[in-house]
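> Any chance you could fold what I've pasted below:
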Amino acid sequence: MLVFDILPGLLLAVVLSLVLLIYRASRPQGSILDKVPGKHAYSDIARHPENETVPGLFIFRLNAPMFFANNAPLRERLKEMICTTDPRPRAILLDMEASSGLDISSADMLAELVAELKAQGVELLLATVREPIRTMLWRSGVAQTIGEEHIYPVIEEGVEDFRARFLARD
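Model prediction:
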């Protein structure tokens, strides 16, 4: 005996699938990246512990698109990682590779995160920023908050700029 008729059962399955999708997306996985030895590439240190660290720079890639449902968990995770990383990083380079667009709540979260990090003496840098994200960052004023000079097309440019600005002073 069927508990539901076909159409209500199908609708229930679709609704449950959407709820599960949003739940999973709101708790995205991320990777801490470091430089692959001898290459201009960066990969997950959990899989490649031999990767070379960049002193003072914390590189993080969100392995899912950034949107309203995962803003708060991402923000809290980044703040927690700053507190638990020893030595404390001078900058966070957030790799935006998995995001092809940015909603207004994500732009607002980035602006708030910049202010919170600056209060702790940490800069936010963005890498692998695609054109739709750049457009949203400029329209929302977040690019000016972050600093246009802190938005890079690839991770390597962000790392080189970080080294030139911070490591050259030491």
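
> contacts, neighbours, all on C-alpha from now
OK.

> Buried residues of the helix ranked longest in the chain, list them for me.
Counting by DSSP state H, the longest helix found in the chain is helix 6-25. Within helix 6-25, the residues that count as buried by 16 or more other CA atoms under 10 Å are residue 25.

> what's next to it, contact-wise?
The contact list for helix 6-25, computed with CA atoms under 8 Å, 6 or more residues apart in numbering, reads 64, 69, 70.

> Show the contacting residues for the first one.
Right, residue 64. Taking CA under 8 Å, 6+ apart as the test, what residue 64 contacts is 25, 28, 29, 30, 98, 99.

> Residue 116 versus that one, what's the distance?
Per CA to CA, to the nearest Å, residue 64 is found 23 Å from residue 116.

> Kindly report the same for residue 83.
13 Å.

> With residue 14 instead?
In terms of CA to CA, residue 14 sits 39 Å off from residue 116.

> Repeat that for residue 34.
On the measure of CA to CA, residue 34 and residue 116 end up 24 Å apart.

> the more surrounded of those two?
In this view residue 34 and residue 116 are compared by other CA atoms under 10 Å, and residue 34 has more residues nearby, 23 against 15.
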